[in-house]
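Novice: Just a sequence and a predicted model for now, questions to come.
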Amino acid sequence: MSKIAISPSGAAPAIGPYSHAVRLGDLLFCSGQIPIDPANPSGPVPTDIKEQTRIVLENIQRILKSEGLDFRHVVKSTVFLTNLADFQSMNELYSQYFVAPFPARSTIQIAALPRGANVEIEVIASYSAVA
């Protein structure tokens, strides 16, 4: 099985040597997305956790859409927060993108993220998983 790098046009640019996503068989592994606005990738990261989460989820949506997928195809997500006190606000936005049956999820507090972001989300999607 060959792995295929996915780099959709219009997505926020990668800030390191990685692909936006990699397809392997029936699975799409999306790299963690931070709140970089594709329209202004060198611009500042917003300070509001809800706005950061919205940008992150929109970036994920662009990657999924480029492969003909949507959030219903996501089977696992991992959320990284620099402050677990932001969990409720992040979760409020997150719940607007995902519908039942929800993917499995882990949420982890970490010390820091690139560009001063407060949230990063990565997902794994299956091309055959639709509720």
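Specialist: Thanks, I have it.

Novice: ok, longest helix in this structure?
Specialist: helix 49-66 (DSSP state H).

Novice: Report the mean confidence score over it.
Specialist: Averaging pLDDT along helix 49-66 gives 97.

Novice: Stretch 12-31 now?
Specialist: Across stretch 12-31, pLDDT averages out at 93.

Novice: now do stretch 114-123
Specialist: 96.

Novice: Who are the contact partners of Ser128?
Specialist: Going by Cβ atoms under 8 Å, 6 or more residues apart in numbering, Ser128 touches Asp26. From N, CA and C alone the C-beta is placed, and that goes for glycine too.

Novice: Quick check: next helix or strand after the longest helix of the chain?
Specialist: Later in the chain than helix 49-66, the nearest helix or strand by DSSP states H and E is strand 74-81.

Novice: Figure out how far that following strand is from the centre of its chain.
Specialist: Chain-centre distance of strand 74-81: 8 Å, with Cα atoms, centre = their mean, to the nearest Å.

Novice: Could the C-alpha coordinates of it be exported in PDB?
Specialist: In PDB, the C-alpha atoms belonging to strand 74-81 read as follows (Å, rounded to 0.1, in the frame of the first residue of the first chain):
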ATOM      1  CA  VAL A  74     -13.800  11.400  11.000                       C
ATOM      2  CA  VAL A  75     -13.200   8.400  13.300                       C
ATOM      3  CA  LYS A  76     -10.700   9.900  15.700                       C
ATOM      4  CA  SER A  77      -9.600  13.400  16.800                       C
ATOM      5  CA  THR A  78      -7.000  14.700  19.100                       C
ATOM      6  CA  VAL A  79      -7.300  18.100  20.600                       C
ATOM      7  CA  PHE A  80      -4.200  19.900  22.100                       C
ATOM      8  CA  LEU A  81      -5.000  22.800  24.400                       C
END
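
Novice: what comes into contact with that strand?
Specialist: Residues from elsewhere that reach strand 74-81, judged by Cβ under 8 Å, 6+ apart: 32, 64, 87, 90, 94, 98, 103-110, 113, 118-126, 129.
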